[in-house]
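In: Sequence and predicted structure below; questions after.
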Amino acid sequence: MVIHKEGNRLTQGAVEKKLDLLALLTTLEPITDEFPDIDGDLMPLDSTELANEFAPTP
């Protein structure tokens, strides 16, 4: 129950039951779209060049 003030009156009403995320996700259709490869031109995460670029200089 929700109670809120409207001018000089207090109004009560029912609270809508919210759908939780898991229940919402189970109602969705699977995604069949092809997504572009946005990280194709990035260096690999374990690259030593990347690590050396940000290493402090002595």
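Out: Thanks, I have it.
In: Point me to the residue sitting closest to the centre of the protein.
Out: residue 21 (11.0 Å; C-alpha atoms, centre = their mean).
In: Tell me how far that one lies from residue 15.
Out: From residue 21 across to residue 15, the span is 18 Å (C-beta to C-beta, to the nearest Å). In this view, the C-beta of every residue, glycine as well, is placed from N, C-alpha and C.
In: Check residue 6 too.
Out: Taken as C-beta to C-beta, the span from residue 6 to residue 15 is 17 Å.
In: quick one: the strands in the chain?
Out: 2-6, 9-13 (DSSP state E).
In: could those go into a markdown table alongside mean pLDDT, distance to residue 35 and mean neighbour count?
Out: Formatted as a markdown table, those follow (pLDDT from 0 to 100; distance: least, C-beta to C-beta, whole Å; neighbours: other C-beta atoms under 10 Å):
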| stretch | mean pLDDT | distance to residue 35 | mean neighbour count |
| --- | --- | --- | --- |
| strand 2-6 | 87 | 41 | 8 |
| strand 9-13 | 90 | 43 | 9 |
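In: right, so of these, which gets closest to residue 43?
Out: strand 2-6 (53.2 Å; C-beta to C-beta).
In: Within its sheet, name the partner strands of that closest one and how each one runs.
Out: strand 9-13 (antiparallel) (DSSP bridges).
In: what about residue 36, neighbour count?
Out: If you count neighbours by other C-beta atoms under 10 Å, residue 36 ends up with 6.
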